[in-house]
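In: Okay, structure incoming, though there's no sequence with it:
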C-alpha cells in the first residue's frame, strides 16, 4: 500500500512540474491580451526563464550562489526551462 501511495505522489509531482513549465509561454501576452510573436516573444521568454532561474539559484546552505557556480546553474536551468 505504501508503494502505491508513494508512486501516486511521485506521479502527481511530475505532472505539477510538467504543467509549471508552460507558465512563461502562457504569460507571453501583450497589454491588449494578444499573444506575443517574433522578437518580443523571444525576449519575454528569455527574461521569464532568467527570472525563474534567478529565484532558484540558492546553495544548500540557503545562501545565493555567486561566481562560477551561479553561472553554471543559470545556464543549466535556462536550458532545461
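Out: That came in fine, so what should we check first? What you see is a predicted model; the values in this text were computed from it and never measured.
In: contacting residues for residue 25?
Out: Neighbouring residues of residue 25 by Cβ atoms under 8 Å, 6 or more residues apart in numbering: residue 45. Where C-beta positions appear, they are placed from N, C-alpha and C, glycine not excepted.
In: Distance check, it against residue 73.
Out: Going from residue 25 to residue 73 by Cβ to Cβ, to the nearest Å gives 22 Å.
In: Over to residue 49?
Out: From residue 49 to residue 73 the distance is 13 Å (Cβ to Cβ).
In: next one: residue 56
Out: 8 Å.
In: cool, residue 81 as well?
Out: In terms of Cβ to Cβ, residue 81 sits 12 Å off from residue 73.
In: quick one: common contacting residues for these two?
Out: residue 53.
In: so where is this protein shaky, pLDDT-wise?
Out: 4-22 (pLDDT under 70).
In: Tell me the buried residues in stretch 36-45?
Out: 36, 44, 45 (16 or more other Cβ atoms under 10 Å).
In: Please say which of residue 56 and residue 73 ends up with more neighbours.
Out: Per other Cβ atoms under 10 Å, whichever of residue 56 and residue 73 has more neighbours is residue 73, with 17 against 11.
In: my guess is that one contacts residue 57, does it?
Out: Yes - between residue 73 and residue 57 there is a contact under Cβ atoms under 8 Å: 5.3 Å.
In: what is in contact with those two at once?
Out: residue 65.
In: Now do the helices in this structure.
Out: 2-20, 23-26, 38-56, 67-80 (DSSP state H).
In: picking that back up, ok, so of the buried residues of stretch 36-45, who is nearest residue 64?
Out: residue 45 (23.6 Å; Cβ to Cβ).
In: The closest one against residue 26, yeah?
Out: No - in this structure, residue 45 is not within contact of residue 26 by Cβ under 8 Å, at 11.0 Å.
In: I'd assumed residue 46 was in contact with residue 52.
Out: No - applying Cβ under 8 Å as the test, residue 52 and residue 46 come out as separate, 11.0 Å apart.
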